[in-house]
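Chemist: no FASTA, just this:
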């Protein structure tokens, strides 16, 4: 049991991390724990301490909010692993957070390319390709956006109205838990680690063992898990363009999209910028032939959008083509049982225009 009351801000952030771990799993990734690395030193790259999962870098071990490994290895490539960092803050995420992410990802990728040469360690470590994504409920500063774009750190902005339901779900759950913790004697407060383990049972099918939590704590956690599982109303799914970033797509009826995509796994879409009361540009995708079937929306940080759609006269045509073609196809993965279904949304890059 914990003896110190966690503040409401960090509590919201921890719960958002578990939501994103669930999102990783439902988007074709396996959420990793220390138990997924059965190697012994010096080959071990994952371990756990009191603060959570750690990943070995060349110079240090690094804590990670959630770590996913894509279920399929791309041809002629390494297994892909994605660091996910969650920020539930009142202010925009700034440069220090993004700079730290770049430092972490650089260090762990360096570690995975190092062959061990100590006596008896002739076998090299298994290699992976690590990427980094930061999710924020309050957006990102311009300096953070510029740095992320330069170093291929994905920024997913959850501050748009489309994510109100998701933010509210996390906030309501955290507030209810915090009230219970505040009223409980210090010796009876469950640890954050225990609450996260309990939540991963229904969300990630990870056995929490014989863990027991008070009913007043289980209730809000079950409320959060039930809200995520009924995701048609909370529609959130990751999309992977041929670009150095990940997109978070939102929908009021995600199952409507999935039903259509199962019948048309590869289909053309229309893309337009829409007017929303958001801190960043918001774009909407609809099926080209059946535009009323679904609508998927995603936000682009201002600097990222400018980089994509820039049409400066002095820019070489080849550079313009590369930038625009990076968003010509989006790939989405939807878990159906243990099988990842693949959908591709294709559109003409020439449709990218700053009309709003």
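Modeler: On my side now, so go ahead. For clarity, every value in this text was computed on a predicted model and none was experimentally measured.
Chemist: can you give me the helices for this structure?
Modeler: All helices of the chain, identified by DSSP state H, fall at 8-26, 95-111, 142-150, 164-183, 192-204, 215-229, 254-263, 302-309, 317-325.
Chemist: check these for me and report the most buried one.
Modeler: Comparing the helices of the chain by mean neighbour count (mean count of other C-beta atoms under 10 Å), helix 8-26 comes out on top with a mean of 22. Heads up, the C-betas are built off the backbone N, CA and C, glycines and all.
Chemist: residue 95 and residue 148, how far apart?
Modeler: Residue 95 sits 9 Å away from residue 148, taking C-beta to C-beta, to the nearest Å as the criterion.
Chemist: just for this protein, where's the confidence low?
Modeler: 1-3, 112-125, 231-235, 276-279, 308-327, 348-356 (pLDDT under 70).
Chemist: of the helices of the chain, which is nearest residue 34?
Modeler: Taking C-beta to C-beta, helix 192-204 is the member of the helices of the chain nearest to residue 34, at 12.7 Å.
Chemist: which strands and helices sit next to the closest one?
Modeler: Where contact means 3 or more C-beta pairs under 8 Å, 6 or more residues apart in numbering; DSSP states H and E, helix 192-204 is packed against helix 8-26, helix 215-229.
Chemist: can you give me the angle it makes with helix 215-229?
Modeler: With axes from the mean of the first three to the mean of the last three C-alpha atoms, to 10 degrees applied, the angle from helix 192-204 to helix 215-229 works out at 40 degrees.
Chemist: now helix 192-204, how far from the centre of its chain.
Modeler: 18 Å (C-alpha atoms, centre = their mean, to the nearest Å).
Chemist: how about stretch 68-83?
Modeler: On C-alpha atoms, centre = their mean, the centre of stretch 68-83 falls 15 Å from the chain's centre.
Chemist: circling back to that earlier point, in a markdown table, list the helices and strands packed on helix 192-204 along with distance to residue 51.
Modeler: Shown next, in a markdown table, are the helices and strands packed on helix 192-204 (distance: least, C-beta to C-beta, whole Å):
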| stretch | distance to residue 51 |
| --- | --- |
| helix 8-26 | 11 |
| helix 215-229 | 20 |
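Chemist: can you say which of those helices is nearest to residue 332?
Modeler: helix 8-26 (10.7 Å).
Chemist: helices or strands up against that closest one?
Modeler: By 3+ C-beta pairs under 8 Å, 6+ apart, helix 8-26 packs against strand 29-31, strand 66-70, strand 80-87, helix 164-183, helix 192-204, helix 215-229, strand 236-241, strand 329-336.
Chemist: contacts for that helix next, please.
Modeler: 6, 31, 65-66, 68, 82, 84, 86-89, 135, 137, 166, 169-171, 173-175, 177-178, 192, 195-196, 199-200, 203-204, 224, 228, 231, 236-238, 334-335 (C-beta atoms under 8 Å, 6 or more residues apart in numbering).
Chemist: list the contacts of the residue nearest to residue 218 when sequence neighbours are not counted.
Modeler: Setting aside the residues directly before and after it, residue 218 is nearest to residue 198 in space (C-beta to C-beta, 6 or more residues apart in numbering), at 7.0 Å. If you count contacts by C-beta under 8 Å, 6+ apart, residue 198 has them with 208, 211, 213, 217, 218, 221.
Chemist: one more time with 10 Å, if that's ok
Modeler: By C-beta atoms under 10 Å, 6 or more residues apart in numbering, the residues touching residue 198 are 18, 190, 206, 208, 211, 212, 213, 217, 218, 221, 222, 225.
Chemist: same check on residue 141?
Modeler: 91, 92, 93, 94, 95, 97, 98, 147, 301, 303.
Chemist: what about it, distance to residue 77?
Modeler: 33 Å.
Chemist: same thing with residue 102?
Modeler: 21 Å.
Chemist: residue 328 too?
Modeler: From residue 328 to residue 77 the distance is 21 Å (C-beta to C-beta).
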